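Chemist: Next come a sequence and a model predicted from it.
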Amino acid sequence: MLQKTTPIHSKKIRDAARGQPCTLQIVGVCSGDWSTTVLAHLPDESHGIARKSDDLSACFACDACHSVIDGRAKWPAMEREHKEWYFRRAQIRTWRALFEKNIFSIKGAA
């Protein structure tokens, strides 16, 4: 079992989401309106009652896709079974965008 850790929150990561392309891009949901993009937290072991996941477990999401992952709107029937795939793809796309903006660094990476 992992020890309880200090939450990882970053204003730079949250601010970096503004105006960016949605990295979730759920088929049949994504609005393509990047003016609504925010950092959306994905479920993981760091979240709990009244506590969002760490900012590392997040992605850039337009309002429409964010509504789906937060449960305010329903997953399209055909896409529901691919939910975890969407989360992982979005998280990696977001990490790459943060890396390219020099907000996220990896020692030894070029």
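Modeler: Arrived safely. Numbering: from 1, shown residues only.
Chemist: Now do the biggest helix by length in the chain: distance to the chain's middle.
Modeler: Looking across the chain with DSSP state H, the single longest helix is helix 83-100. Taking Cα atoms, centre = their mean, to the nearest Å, one finds helix 83-100 lying 7 Å from the centre of the chain it belongs to.
Chemist: cool, stretch 12-22 as well?
Modeler: Counting by Cα atoms, centre = their mean, stretch 12-22 is centred 10 Å from the centre of its parent chain.
Chemist: Three-state assignment for Phe60, please.
Modeler: strand (DSSP: H, G, I helix; E, B strand; the rest coil).
Chemist: who's it bridged to?
Modeler: Per DSSP bridges, the residues bridged to Phe60 are Leu39.
Chemist: Tell me how many other residues crowd it.
Modeler: 27 (other Cβ atoms under 10 Å). (C-beta placed from N, C-alpha, C; glycine too.)
Chemist: doesn't Thr36 make contact with it?
Modeler: No - applying Cβ atoms under 8 Å, one finds Phe60 not in contact with Thr36, separated by 10.6 Å.
Chemist: Now do stretch 94-103: everything it contacts.
Modeler: Counting by Cβ atoms under 8 Å, 6 or more residues apart in numbering, stretch 94-103 makes contact with 10, 12-13, 16, 20, 23, 58-60, 104-106, 109, all of which sit outside it.
Chemist: run the last query once more with 7 Å
Modeler: Contact partners of stretch 94-103, identified using Cβ atoms under 7 Å, 6 or more residues apart in numbering, comprise 12-13, 16, 20, 23, 58-60, 104, 106.
Chemist: Only the buried subset of these, as a PyMOL command please.
Modeler: This is how PyMOL selects the buried members of the contacts of stretch 94-103, with burial counted by 16 or more other Cβ atoms under 10 Å:
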select buried, resi 13+16+20+23+58+59+60+104
